[in-house]
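**Student:** Predicted model and sequence follow; I will ask about them next.
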Amino acid sequence: MKTSFPTSSLAWSDCFVFAAASFLHLAAAAAAAAASTAAPHEHQEFEATLAAPYHGENHAEARTFTLSFDYPGLQGRRSVHWRLELVAPDGRQVARWQGQATLAGRPLDVPVRWQGRVASRPPAPGVYKVRLRAASGSEEVEQAWDIAVGSLPAPALPSFAPLPSRRGLLQAAPAPGALPYTVYYGNLHSQTRDSDGGAALDDCRGAQDPQTAPFGPDAAFPYAREHGLDMLMVSEHNHMFDGSDGTKADADPAAARALYQAGLQTARAFNEAHKDFLALYGMEWGVISNGGHLNIFNSDELLGWEKNGKGELLADTLTPRNDYGALYTLMRQRGWIGQFNHPSLKDQFKVNGVALAYTPDGDEAMALCEVMNSTAFSTNDKEGETRRSNFETACNKLLEAGYHVAFSSNQDNHCANWGASYTNRTAVLLPAGEVLSRDSFVAALKARRVFATMDKESQLVLTANGRLMGERFGNRGPLQLRVQFANGAGRTAATVAIMEGVPGRNGMVTQMASEATVSITPSLGPHFYYAKLTQDDGKVLWSAPVWVDQAAD
């Protein structure tokens, strides 16, 4: 359970233009305070999340934002410097708060109250952005969520025949025909005792010592199925199969390889016994420190770089640590498909020293980017976790670099609540009548037939001139984009945004339209478009992009 504390300092100003140098000074001060701290183990990293209520209280605009900070495994004390900004629809910063707090081994909540006014006046209606920037030591985190201010007209949505799912049809406006796909909802990021997950909820305080927790994949798959998921990916840390967070000099390579194979066999056996569920077992490759985590969904080989005292590889196949270029090449050669996990804008997924760097092999191998997840160490099993992270900015940077990735939404469960900490899911579209299997799942990922949702009862589909999200095609003349939405619990769309970018430009993704149906004639050359829909309860969905190469008539 989280414990709330008052912040040690809090300042507020309206219409304040923030100088970047001042925040760098705060970050430097935090770095100096933590200079004597030992180098962190895996998952010992600074965490910062932002809870921003989508609507104000009691039909007014006032609301309380909650900043949550943690440093799992922290010994001693650690300073945090933070800044919170309220950004108007036109991009102006209209309010700012900043402060300092101290972590001391427990999660820390800082409430920030906004009275619902800007410069002592009621704010103009619109969709505002709340942005958190926090630093502890050399580590920095940025989070942002949209909020609704004032009365906003609901977007007009086109008719949509919802896709069938395991739970039946959702509610939407009638349409004459349905897309020939079935949608499956899953959690594509979790751990068990095979690495550093699997602790009982009443004894889960963060990452576990590898292979010490009581619950393995044989417990995770039935738990997820019983809690209504169609898929669960158990993604064990590839460098923990020797039973340590470091490297055991006396580790047995055969035992490490056998444990990975046993996990694969557990998934196969569960799939054989339960045709309505897909159990996936694989690995989360990489380290956090100057590296980056990514999931590999369909490798039957354990990849690694660690060797025991005899120089024996503790894996099936050697993959040098932090060499993402070489890993992408191997993945492409083997036909393996991956996901960028909780990507950061700084110092992750480097190739030739460039963070989030594009390679053609990486483009072929990496199909998904985790756009949001709930906190990895949540003990909530009622889908009510409030600590959630948004990675849309980093995913957009990958798209602008040239990657063809769809968005995913997962939970990174380390406690024994696989898929149950929140309502978010990754949804995968399979052709109607096709059996849910690892092969059909991988084929759907390769086609980027995926959407990410914070609401397990919702669907979002983007089409472009009738082509389904995930497709890449050439176009001449007008391009009609259609955003189609359905929900099974009576939720409605509050806002719709169609986002546009240019692959390989390494620029900024921008909002092109706020309507669900638009017709445009793109400028010549390559473009990508994706839909972002916010429900009336503030939960967000992201479609996969479409990639369009516009040619002259």
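**Tutor:** That came through fine. Numbers count the residues shown, from 1 in each chain.
**Student:** now G325, what's its secondary structure?
**Tutor:** In terms of secondary structure, G325 is helix; the call rests on DSSP: H, G, I helix; E, B strand; the rest coil.
**Student:** which residues does E400 contact?
**Tutor:** 501-509 (CB atoms under 8 Å, 6 or more residues apart in numbering). No exception for glycine: its C-beta is placed from N, CA and C like everyone else's.
**Student:** which ones among those are found in helices?
**Tutor:** Taking DSSP state H as the definition of helices, the contacts of E400 contribute nothing to them.
**Student:** Could you tell me which of the residues you listed belong to strands?
**Tutor:** Judged by DSSP state E, the contacts of E400 include G501 as members of strands.
**Student:** quick one: A493 from A51, how far?
**Tutor:** When distance is defined by CB to CB, to the nearest Å, A493 is 22 Å away from A51.
**Student:** now do K248
**Tutor:** 40 Å.
**Student:** Same question for E226.
**Tutor:** Applying CB to CB, the value for E226 to A51 is 28 Å.
**Student:** Neighbour count: those two, which is higher?
**Tutor:** A51 (18 against 11; other CB atoms under 10 Å).
**Student:** Now that one: closest residue in space, sequence neighbours ignored.
**Tutor:** If you skip the residues right next to it in sequence, A51 has T66 as its closest partner in space, 4.2 Å away by CB to CB, 6 or more residues apart in numbering.
**Student:** Contact partners for the one you found?
**Tutor:** Contacts for T66 were tallied using CB under 8 Å, 6+ apart; they are 50-51, 109-112, 386.
**Student:** repeat for R505
**Tutor:** Residues touching R505, when contacts are defined by CB under 8 Å, 6+ apart, comprise E400.
**Student:** Distance of R83 relative to L313?
**Tutor:** Taking CB to CB, one finds R83 at 45 Å from L313.
**Student:** go on, D194?
**Tutor:** From D194 over to L313 (counting by CB to CB), the distance is 18 Å.
**Student:** of the two, who's got more company?
**Tutor:** D194 (26 against 17).
**Student:** isn't the more buried one right next to S235, touching?
**Tutor:** No: with the criterion set as CB atoms under 8 Å, D194 and S235 do not qualify as a contacting pair; they are 10.0 Å apart.
**Student:** now could you export just the CA positions of the host helix or strand of A367 as CSV?
**Tutor:** A367 is located in strand 366-374, with elements delineated by DSSP states H and E. Extracted as CSV, the C-alpha positions of strand 366-374 are listed here (Å, rounded to 0.1, in the frame of the first residue of the first chain):
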residue,chain,number,x,y,z
MET,A,366,10.3,-4.8,-33.5
ALA,A,367,6.5,-4.7,-33.9
LEU,A,368,5.3,-3.1,-30.7
CYS,A,369,6.0,-0.1,-28.5
GLU,A,370,4.6,-0.1,-25.0
VAL,A,371,2.7,3.2,-24.8
MET,A,372,1.5,2.8,-21.2
ASN,A,373,1.6,0.4,-18.3
SER,A,374,0.7,0.1,-14.7
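**Student:** Give me the below-cutoff pLDDT ranges for the stretch 101-250 of the chain.
**Tutor:** Within the stretch 101-250 of the chain, the ranges that satisfy pLDDT under 70 run 168-176.
**Student:** Try it again at 90.
**Tutor:** Applying pLDDT under 90 to the stretch 101-250 of the chain picks out residues 105, 138, 166-178, 205-206.
**Student:** hey, where'd the strands end up in it?
**Tutor:** For the stretch 101-250 of the chain, strands defined by DSSP state E, counting those that start in this stretch occupy the ranges 108-114, 126-136, 139-149, 181-187, 231-237.
**Student:** deepest of those strands, which one?
**Tutor:** Burial of the strands of the stretch 101-250 of the chain is given as mean neighbour count (mean count of other CB atoms under 10 Å); strand 231-237 ranks first at a mean of 27.
**Student:** got the angle between that strand and strand 181-187?
**Tutor:** Note on geometry: by axes from the mean of the first three to the mean of the last three CA atoms, to 10 degrees, strand 231-237 and strand 181-187 are set 40 degrees apart in direction.
**Student:** Report the buried residues of stretch 208-225.
**Tutor:** Of the residues in stretch 208-225, those buried under the neighbour-count criterion (16 or more other CB atoms under 10 Å) are 208, 210-211, 213, 215-225.
**Student:** Which ones among those map onto helices?
**Tutor:** Using DSSP H to define helices, the subset of the buried residues of stretch 208-225 located there is 217-225.
**Student:** Distance to M240 added to those, as CSV?
**Tutor:** Compiled in CSV, these are given as follows (distance: CB to CB, whole Å):
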residue, distance to M240
P217, 14
D218, 18
A219, 18
A220, 16
F221, 20
P222, 23
Y223, 21
A224, 21
R225, 25
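**Student:** so, if you compare the residues you listed, which one comes nearest to A62?
**Tutor:** A224 (39.0 Å; CB to CB).
**Student:** wait, what's in contact with the closest one?
**Tutor:** A224 is in contact with 186-187, 231-232, 277, 418-419, counting by CB under 8 Å, 6+ apart.
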